[in-house]
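K.L.:
Just a sequence and a predicted model for now, questions to come.
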Amino acid sequence: MNDDQDLTISTDRMQLLLAGGSDEDFLHLRGLLARTSEGKDGQTQIGLDRATSLEEALILMSEKTYDLLFCDYRPGSNIAMELLRETREEDLGVPMVFLSDHVDSATLATAVRAGAYDCVQVSALDEDSLNRTIRYAVEMHCKEQQRERAEDMLRKLWRVVEQSADMVIITDRSGIVEYVNPAFEKLTGFSKQEAIGRSPRILKSGHHSLQFYRNMWREILSGAVYRDVMVNRKKTGELFYAEKTITPLRDAEGRITHFISNDRDITGRRTLEVQLQQAQKMDAIGRLAGGVAHDFNNLLMVISANAELTLEALSEDDPRRSKVEDVLSAARRAGELTRQLLAFGRKQVQSLQVLDLNYVLQEISRILPRLIGEDIQLVLVPGKDLSRVKADPIQIEQVVMNLAANARDAMPHGGRLTMETMNVCLDQDYARRHSMVPSGDYVLLAVTDTGQGIAPEHMANIFEPFYTTKPEGKGTGLGLATVYGIIKQSGGFIWVYSEPGLGTTFKIYLPQAQKAAPAKRAGPPLAEQCPQGTETILLVEDESAVRGTACEFLTHMGYTVLQAQDGEDALTVAQRYGGDIHLMVTDVVMPNMGGARLAGQLAIERPKMKVLFVSGYAENTVVQQGSIDVARNFLQKPFGLKTLARKIREVLESGVAARSAAALSR
């Protein structure tokens, strides 16, 4: 401080306290303060109180706020040290100056070590020295407080970084790690000792190009904040997704000296997003596949029906028979492909039954060895007290056969195929980790092979139709697509777990159903025959080519056939026809009026008429509305003419009339 600098105390009102000391000391200090702090109005700007004991000092301090304490520091007086201790314990935060009879360097050092800001001799004080003493004590106290607060803030910031759930990395300008927080150790598996002094390249996954890293370095070295999602690898080799923010750290001159990387683990969120995108993609593909299959079925009906009629017209030794038989064979194979597409698109008609999966697997296991070969061991692990599921037994058999065929192809040199069932309860935690899966009670069917496994790059596509890694001609790419569609249509879920070289497990979850007697497998198909009849049939079909060939065949079988192109046309034809109509064969989905609604209206006029529904696929009107008994009066397109003839006789000889079918739709 310069000598000519203003030595007066601030005009802000201050309050001081003298603890202990003599009357002379008090009067001397008060006189000095009165002269050095006199304001423009002649009033003293600094007040001075006195306490003769420690107790009195503490009482005064509880009643009033003091800016500075003068404490007696002489032999035989302990008020200074006791008051210092009390102010620290109570965290009063008041600066203190000791008063002594004699002050030398040793006394001053002792006082400062004890916690006082200064130690002065009262008798030696004048206005200037008192002014400087007060200023020094107050200023030092203030400085000790932007420091204590700064240290407290640093401690808080340190705890924030140390206890942050996000991963924090600090590197120097060249990228060498100088600090990692505990979240880094927990997430990556690398300890601080393993990370510090090395480059973040220890987390490199190989999923990003060299250009990706070049762009990152160019951006952060320019001083910009970098944000992106990065795929990193843990110490165990497991991948994780991190939402990364890199912030350059500058020194006082503005030069970049360090980088702070804040990484948030978004692996769980990313997994759910991928699952949702996959489900949406599969649903869109399913709708497309179902629509295409429906149109194909109508075309195949025309091809196969005309081929059958042509074959009937040829003699046994006609050389053209083999060509027509080839057409029929190709149509049947094409029909099987469309059925698989319908299964994938969840458009296949189901004959739902309450099943015991253990029983179904036991039955299938009798024929599986012939499919998978002798060098593959089949192991069944049936769950105890297994709950029932509601599903189509033929479809479940199709699922198991397709998975077994895939497992066989994955184990060309033999291995083990294990099929295991058990009751499981999927909780909320599982549902959060697996998008689109409601929590609840399920029956698990796990199919595990010890084969080659599935490469990671194929995992996202294995359930897509026509996607295959097999050589050309070795597979259609519809096997797993069919499995996926059947399980989804049955209200279940399927997940695949695989590691290259370590085999594959397909886990199928089907909702548990009410317990009931297990369904037996259907008996052998009816013997190949083509029964005839003389009844009158109303044939309702919007595809003219299908309607024409079916009409020709049924007429040839002895039936009287009335034709209609849709539901409204069928009502008109039925009203104009005066005789009995014994059976109506109608497509389910038609323009103007569908088959279920048509059957309901005709049931009023012709209650004894029976109904056979046919369809290329079953929309919600078939499956969800329950308007059709698929076990008794439904036929899935494409079908052969002989199959149609047998089904017509089956329905005609049953007791299900149009009125009963109409009741089902209400």
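P.N.:
All right, it came through fine. Treat the numbers as computed from the prediction; the structure is a model and nothing was measured.
K.L.:
check contacts around F70.
P.N.:
16-19, 21, 29, 96-97, 99 (C-beta atoms under 8 Å, 6 or more residues apart in numbering). C-beta here means a position set from N, CA and C on the backbone, and glycine is covered the same way.
K.L.:
Of the residues you listed, which one scores lowest on pLDDT?
P.N.:
Within the set of those, pLDDT is lowest for G21 (80).
K.L.:
Look up phi and psi at that residue.
P.N.:
Main-chain dihedrals, G21, degrees, to the nearest 10: phi 80, psi 170.
K.L.:
do S544 as well
P.N.:
Dihedral angles (degrees, to the nearest 10) for S544: phi -60, psi -40.
K.L.:
Check the one 4 residues further on too.
P.N.:
Its backbone dihedrals place G548 at phi -70, psi -50, with angles given as degrees, to the nearest 10.
K.L.:
Any idea how many residues pack against it?
P.N.:
16 (other C-beta atoms under 10 Å).
K.L.:
what's the spacing between it and T536?
P.N.:
18 Å (C-beta to C-beta, to the nearest Å).
K.L.:
what do you get for M593?
P.N.:
Taking C-beta to C-beta, one finds M593 at 21 Å from T536.
K.L.:
same check, this time on Q563
P.N.:
Distance from Q563 to T536, by C-beta to C-beta: 12 Å.
K.L.:
next one: G414
P.N.:
Relative to T536, and taking C-beta to C-beta, G414 is found at 60 Å.
K.L.:
who's more crowded, the two?
P.N.:
T536 (17 against 14).
K.L.:
what residues are up against the nearest residue to the more buried one once chain neighbours are set aside?
P.N.:
Once flanking residues are discounted, T536 sits nearest to T560: 4.3 Å by C-beta to C-beta, 6 or more residues apart in numbering. The neighbourhood of T560, defined by C-beta under 8 Å, 6+ apart, consists of 534-537.
K.L.:
Which of the residues you listed ranks first by neighbour count?
P.N.:
Going by other C-beta under 10 Å, I537 tops the contacts of T560 with 25 neighbours.
K.L.:
how about it, what does it touch?
P.N.:
554, 559-562, 581-585, 648.
K.L.:
from these, which ones fall inside strands?
P.N.:
560-562, 583-585 (DSSP state E).
K.L.:
Dump those to JSON lines, plus pLDDT and distance to T245.
P.N.:
JSON lines is the format used below for these (pLDDT from 0 to 100; distance: C-beta to C-beta, whole Å):
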{"residue": "T560", "pLDDT": "93", "distance to T245": "80"}
{"residue": "V561", "pLDDT": "93", "distance to T245": "75"}
{"residue": "L562", "pLDDT": "95", "distance to T245": "75"}
{"residue": "L583", "pLDDT": "93", "distance to T245": "72"}
{"residue": "M584", "pLDDT": "93", "distance to T245": "69"}
{"residue": "V585", "pLDDT": "93", "distance to T245": "67"}
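K.L.:
Most neighbours among the residues you listed, which one?
P.N.:
M584 (28 neighbours).
K.L.:
I'd assumed L48 was in contact with L33.
P.N.:
Yes. With contact defined as C-beta atoms under 8 Å, L33 reaches L48; the gap is 5.7 Å.
K.L.:
quick one: common contacting residues for those two?
P.N.:
Shared contacts of L33 and L48, counting by C-beta under 8 Å, 6+ apart, come down to L16.
K.L.:
now the helices for the stretch 151-300 of the chain?
P.N.:
Along the stretch 151-300 of the chain, counting by DSSP state H, counting those that start in this stretch, helices occupy 182-188, 192-195, 210-221, 267-313.
K.L.:
now do the stretch 301-450 of the chain
P.N.:
321-344, 357-364, 368-372, 393-410, 428-433.
K.L.:
who wins for proximity to M153 among those?
P.N.:
helix 428-433 (37.3 Å; C-beta to C-beta).
K.L.:
and the helices of the stretch 151-300 of the chain as a markdown table, adding mean neighbour count, distance to D104 and mean pLDDT?
P.N.:
As requested, the helices of the stretch 151-300 of the chain are exported to a markdown table (neighbours: other C-beta atoms under 10 Å; distance: least, C-beta to C-beta, whole Å; pLDDT from 0 to 100):
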| stretch | mean neighbour count | distance to D104 | mean pLDDT |
| --- | --- | --- | --- |
| helix 182-188 | 19 | 52 | 91 |
| helix 192-195 | 14 | 51 | 91 |
| helix 210-221 | 13 | 59 | 92 |
| helix 267-313 | 17 | 69 | 71 |
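K.L.:
out of those helices, nearest to G115?
P.N.:
Using C-beta to C-beta, the helices of the stretch 151-300 of the chain put helix 182-188 closest to G115, at 36.4 Å.
K.L.:
and that closest one, what other elements does it pack with?
P.N.:
strand 167-172, helix 192-195 (3 or more C-beta pairs under 8 Å, 6 or more residues apart in numbering; DSSP states H and E).
K.L.:
Repeat the analysis, applying 7 Å as the threshold.
P.N.:
strand 167-172 (3 or more C-beta pairs under 7 Å, 6 or more residues apart in numbering; DSSP states H and E).
K.L.:
What residues sit buried inside the strand it packs on?
P.N.:
For strand 167-172, burial by neighbour count (16 or more other C-beta atoms under 10 Å) applies to 167-171.
K.L.:
CA atoms only: put it into PDB for me.
P.N.:
Provided in PDB are the C-alpha atoms of strand 167-172 (Å, rounded to 0.1, in the frame of the first residue of the first chain):
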ATOM      1  CA  MET A 167     -17.600 -42.200 -18.400                       C
ATOM      2  CA  VAL A 168     -15.100 -39.300 -18.100                       C
ATOM      3  CA  ILE A 169     -11.600 -39.400 -19.800                       C
ATOM      4  CA  ILE A 170      -9.100 -36.500 -19.700                       C
ATOM      5  CA  THR A 171      -6.200 -36.700 -22.200                       C
ATOM      6  CA  ASP A 172      -3.400 -34.300 -23.200                       C
END
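K.L.:
which residues are contacting it?
P.N.:
161, 177-181, 183-184, 187, 200, 242, 258-263 (C-beta atoms under 7 Å, 6 or more residues apart in numbering).
K.L.:
and that strand, what's its mean pLDDT?
P.N.:
Strand 167-172 comes out at a mean pLDDT of 92.
K.L.:
do stretch 503-522 as well
P.N.:
Computed over stretch 503-522, the average pLDDT equals 68.
K.L.:
pLDDT score for E420?
P.N.:
89.
K.L.:
ok, now how distant is it from R408?
P.N.:
From E420 over to R408 (counting by C-beta to C-beta), the distance is 18 Å.
K.L.:
And for V389?
P.N.:
25 Å.
K.L.:
Equivalent analysis for A242, please.
P.N.:
41 Å.
K.L.:
G503 now?
P.N.:
Taking C-beta to C-beta, one finds G503 at 13 Å from R408.
K.L.:
Y577 - nearest residue in space that isn't next to it in sequence?
P.N.:
L562 is the one closest to Y577 (C-beta to C-beta, 6+ apart), at 6.0 Å.
K.L.:
what's the answer for T310, then?
P.N.:
Nearest non-adjacent residue to T310 (C-beta to C-beta, 6+ apart): V324, at 5.2 Å.
K.L.:
Report pLDDT for that neighbour.
P.N.:
So, for V324, pLDDT stands at 85.
K.L.:
hang on, isn't it packed against L311?
P.N.:
Yes. With contact defined as C-beta atoms under 7 Å, V324 counts as touching L311 (4.9 Å).
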